[in-house]
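Asks: Turn this into a structure:
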Amino acid sequence: MVRFGADQILSGKGGTYTDEDIDALISRGEERTEAMQAKLQTDAKHNLANFSLIADDDNGTDTFAFDGKNYRGADKGKGNFINQPQRQRKRNYDVNEYFRETMNTGTTSGLKAHAADAAAKKRKKGSSFQDFQLFDSARIEKFNELERELATKKEAQVAAIKQMRETIKHAPMMALGAAPGQSKEELTKLAGEMEQKLSEFKLPEEAEAERKKLMNDGFPDWSRKDFKVCLICGLPK
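Replies: Here you go, the predicted structure:
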């Protein structure tokens, strides 16, 4: 109001102003105020919409210009930037975890399979062949007995390996002053070597081949009557 005519009334020394004059003055001031506010908002939106850090022309101000020199494009042509190799995080080395993985990788199922094989062969009974079936029972039983002995030794080896693996869990490291042959590293190596030898507790190939041949030479389906018929007829075995 001061800018739009109110100062004339307040500073006036004479004259009479009616309420209508004052209302008209206020109304005219409001109109001009609204017009100025609209213009300011329009100008502000225009400035924001056209804001740019790049000069519109050669005579404009460039944000890359400093101290009389324009640094825009100064780094172009200097070659490609070589990315630095990504830093790899180092994994904490857990010695106990390493030995647990070493002992458990493929060993649990392997020991169970060897134990089951040994138990089955150990329980295997000798073949009950009859003399009229023409088997070499004595020779076959010799191989069967050898197989049972090997199965018993294999069971003992499996039990020893299991016990050793329990000992390894609490064995000290070699670097910590473990007694010779009692460190975690040495016992782990020994247990692995013992497990590799489990496959050796079986009949030699020659013995297994001979036993198979002896089994094929007999007549498991013969009864005593069949044997007598063979003797009477003089048929070859």
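Asks: which of the residues in the lengthiest helix in the chain are buried?
Replies: The longest helix of the chain (DSSP state H) is helix 137-170. Judged by neighbour count (16 or more other C-beta atoms under 10 Å), helix 137-170 contains these buried residues: 137, 140, 143-144, 147-148, 150-151, 154-155, 157-158, 161, 164-165, 168. C-beta: built from backbone N, CA, C; applies to glycine.
Asks: and after that helix, which helix or strand comes next?
Replies: Where DSSP states H and E defines the elements, the next helix or strand beyond helix 137-170 is helix 184-196.
Asks: I'd like to know which elements that following helix is packed against.
Replies: helix 95-104, helix 107-123, helix 137-170 (3 or more C-beta pairs under 8 Å, 6 or more residues apart in numbering; DSSP states H and E).
Asks: Please repeat the previous calculation with a cut-off of 6 Å.
Replies: helix 95-104, helix 137-170 (3 or more C-beta pairs under 6 Å, 6 or more residues apart in numbering; DSSP states H and E).
Asks: now it against helix 137-170, angle please.
Replies: Using axes from the mean of the first three to the mean of the last three C-alpha atoms, to 10 degrees, the inter-axis angle of helix 184-196 relative to helix 137-170 is 160 degrees.
Asks: What mean pLDDT does helix 184-196 get?
Replies: The average pLDDT within helix 184-196 is 90.
Asks: Residue ranges of each domain in the protein, please.
Replies: As given by automatic domain parsing, the domain ranges for the chain are 2-62, 95-124+137-217.
Asks: Just put those in CSV and tack on distance to Lys69.
Replies: Putting the domains of the chain into CSV (distance: least, C-beta to C-beta, whole Å) gives the following:
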stretch, distance to Lys69
domain 2-62, 11
domain 95-124+137-217, 61
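Asks: which one of the ones you listed is the most hemmed in?
Replies: Among these, domain 95-124+137-217 has the highest mean neighbour count (mean count of other C-beta atoms under 10 Å), at a mean of 14.
Asks: pLDDT below threshold where in the chain?
Replies: 1-17, 45-67, 71-109, 122, 124-127, 234-237 (pLDDT under 70).
Asks: Can you tell me which of the domains of the chain is nearest to Ser223?
Replies: Smallest distance to Ser223 across the domains of the chain (C-beta to C-beta): 16.9 Å, for domain 95-124+137-217.
Asks: export stretch 156-174 as CSV, just CAs?
Replies: The C-alpha coordinates for stretch 156-174 follow below in CSV (Å, rounded to 0.1, in the frame of the first residue of the first chain):
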residue,chain,number,x,y,z
ALA,A,156,39.5,-103.6,12.5
GLN,A,157,41.0,-101.1,10.1
VAL,A,158,37.8,-99.2,9.7
ALA,A,159,37.4,-99.0,13.5
ALA,A,160,41.0,-97.8,13.8
ILE,A,161,40.4,-95.1,11.2
LYS,A,162,37.2,-93.9,13.0
GLN,A,163,39.1,-93.7,16.3
MET,A,164,42.0,-91.8,14.7
ARG,A,165,39.6,-89.3,13.3
GLU,A,166,38.2,-88.6,16.7
THR,A,167,41.7,-88.1,18.0
ILE,A,168,42.5,-85.7,15.2
LYS,A,169,39.7,-83.4,16.3
HIS,A,170,41.5,-82.7,19.5
ALA,A,171,45.1,-83.1,18.3
PRO,A,172,47.4,-80.0,18.5
MET,A,173,49.0,-78.5,15.4
MET,A,174,52.6,-79.2,14.6
